[in-house]
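Visitor: Give me a 3D structure for the following:
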Amino acid sequence: VRGFVGEVPVDPQYSGGVMLEASYTDLGVEAIPPTSSTVTMRLRSRHAEAEHANHLQGVTPMKSETARNGTFLGSINHNHFLRFDDIDTGAVGNVTARVASAGPGGYIEIRCDELEGPLLARIRVASNGAWEQWRDETAKFATTEGFHDVFVVFVKETDANALMNIDSIYCHPVE
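Guide: Presented below is the predicted three-dimensional model:
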């Protein structure tokens, strides 16, 4: 055994996670040459900055010292959304969004695999009268299994503009 080679770079300002890769090569035996294998594993943080979603639709990244990572998403209207790819939804018990709203507020719907896919959670966001006075709102996450694309959809059909701001999302473990 030669030990570990390389390093795991972790940026404390980035909440996305890390990718680990392990390789092994045996010594071979007589006429059989050495055999190699490599495995890659992605470890994703339970705390995701909203702006780190794999896809942003309609929302606007905004810089602010009040945001957890210096940036939040604003200018959110009805049916704007975020998509996080390949999430282990079976490991999520509740979901918390760090939000603020001086507008009409609305709902954040967490959906599975498609924009109008199965509803996994629904978080109510009431107006608190300030665009950057952050608070946590939590909802129960539906029981699911496996890895899925997760859509975070902002919903309010009436007063459908300037609903809220979102800073981050936290996926609580299943208890």
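Visitor: In this structure, where is pLDDT below threshold?
Guide: 1-16 (pLDDT under 70).
Visitor: Can you identify each of the strands in it by residue range?
Guide: Along the chain, the segments classed as strands by DSSP state E run 17-25, 36-44, 47-49, 55-57, 60-63, 71-74, 81-88, 92-101, 106-112, 119-125, 130-140, 147-155, 165-173.
Visitor: Okay, the residue nearest in space to the middle of the chain and residue 152: tell me how far apart.
Guide: Nearest residue to the geometric centre of the chain (C-alpha atoms, centre = their mean): residue 48, 4.2 Å. Residue 48 sits 10 Å away from residue 152, taking C-beta to C-beta, to the nearest Å as the criterion. Using the backbone N, CA and C atoms, a C-beta is placed for each residue, glycine as well.
Visitor: got any residues that touch both of these two?
Guide: Between them, residue 48 and residue 152 share these contacting residues under C-beta atoms under 8 Å, 6 or more residues apart in numbering: 84, 169.
Visitor: so residue 48 touches residue 166, yeah?
Guide: No: between residue 48 and residue 166 there is no contact under C-beta atoms under 8 Å: 10.7 Å.
Visitor: ok so, going back, who is the residue nearest to the centre of the chain paired with across the strands?
Guide: Per DSSP bridges, the residues bridged to residue 48 are residue 169.
Visitor: again, but for residue 111
Guide: Counting by DSSP bridges, residue 111 is bridged to residue 119, residue 151.
Visitor: give the contact list for it.
Guide: Shown in contact with residue 111 (C-beta under 8 Å, 6+ apart): 117-120, 150-151, 153.
Visitor: in stretch 145-159, what's buried?
Guide: Residues of stretch 145-159 classed as buried: 148-156 (neighbour count, 16 or more other C-beta atoms under 10 Å).
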